[in-house]
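**Student:** Starting from these lines, generate the structure:
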Amino acid sequence: SDSLIELGSSIMQARQEIVRDIQDEAQKFFWALTDNEENLDMEYVGTFRLPDTVSATRDLFRKKIAEKRELEFRRGTTMVGPHLDDLKILINGFDTRKYSSQGQKRTAALALKMAEINLFKKKNTLWPIILLDDVFSEFDRKRREYLLDFIRESSGQCFISTADSIDNLVKNIDIEYKKIHINKGRIKSETDRPFN
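**Tutor:** Down below sits the predicted model:
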């Protein structure tokens, strides 16, 4: 239980901090993607409300475990700790799991991914490799262009899978790219020669 309290307190505090950082970044991208019409919020939902410091979290965690000890023995599982915590994402104050359209969820996910990329870059000297799967399927032209501009400015390597043609978009924003087609299990490069 001491290990759970020690490590768990550090994990919960680190999570709470990263959620705040990501939310600040993601909100900027979300506003840009929604023309400043919608707000994106994130909540780190723990099994108890976290204090501001790791030592205070450790003390409260110890107290919560003691309060739940009998119930935990009866159920055979721990009732508090980072393994039970969750992340709630809200658009205009409403939980995205219950009240958001598929388009809103995809826009929120994209804003979060862009925020994650920016935060990674701020803490490291290299850009991460970006992997985006079928990201264009539900976005209008403006959002597609915004994403491609972000990719160009990130100076990192990016792999995008899509069933839709984005040739015109990519050519219009002056970005270096290589197109690879996969058709019936065969991989071909842009010049229609087999890709090795």
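**Student:** contacts, neighbours, all on C-alpha from now
**Tutor:** Noted.
**Student:** Quick check: next helix or strand after the one helix or strand residue 181 maps to?
**Tutor:** Taking DSSP states H and E as the criterion, residue 181 maps to strand 180-183. Reading on from strand 180-183 to the C-terminus, the next helix or strand found by DSSP H and E is strand 186-189.
**Student:** Quick check: mean pLDDT of that next one?
**Tutor:** In this model, strand 186-189 has a mean pLDDT of 80.
**Student:** on that earlier part again, which elements pack onto the strand holding residue 181?
**Tutor:** Strand 180-183 is packed against strand 186-189, with contacts defined by 3 or more CA pairs under 8 Å, 6 or more residues apart in numbering; DSSP states H and E.
**Student:** picking up where we left off before, could you please name the strands the strand holding residue 181 pairs with and the direction of each pair?
**Tutor:** Counting by DSSP bridges, the strands paired with strand 180-183 are strand 186-189 (antiparallel).
**Student:** Next, the buried residues of the partner strand.
**Tutor:** Buried residues in strand 186-189, defined by neighbour count with 16 or more other CA atoms under 10 Å: residue 188.
**Student:** cool, stretch 18-35 as well?
**Tutor:** 19, 22, 23, 24, 25, 26, 27, 28, 29, 30, 33.
**Student:** follow-up on the earlier one: and the strand holding residue 181, how far from the chain's centre?
**Tutor:** 28 Å (CA atoms, centre = their mean, to the nearest Å).
**Student:** Residue 136 is in contact with residue 142, isn't it?
**Tutor:** No: counting by CA atoms under 8 Å, residue 136 does not reach residue 142; the two are 10.9 Å apart.
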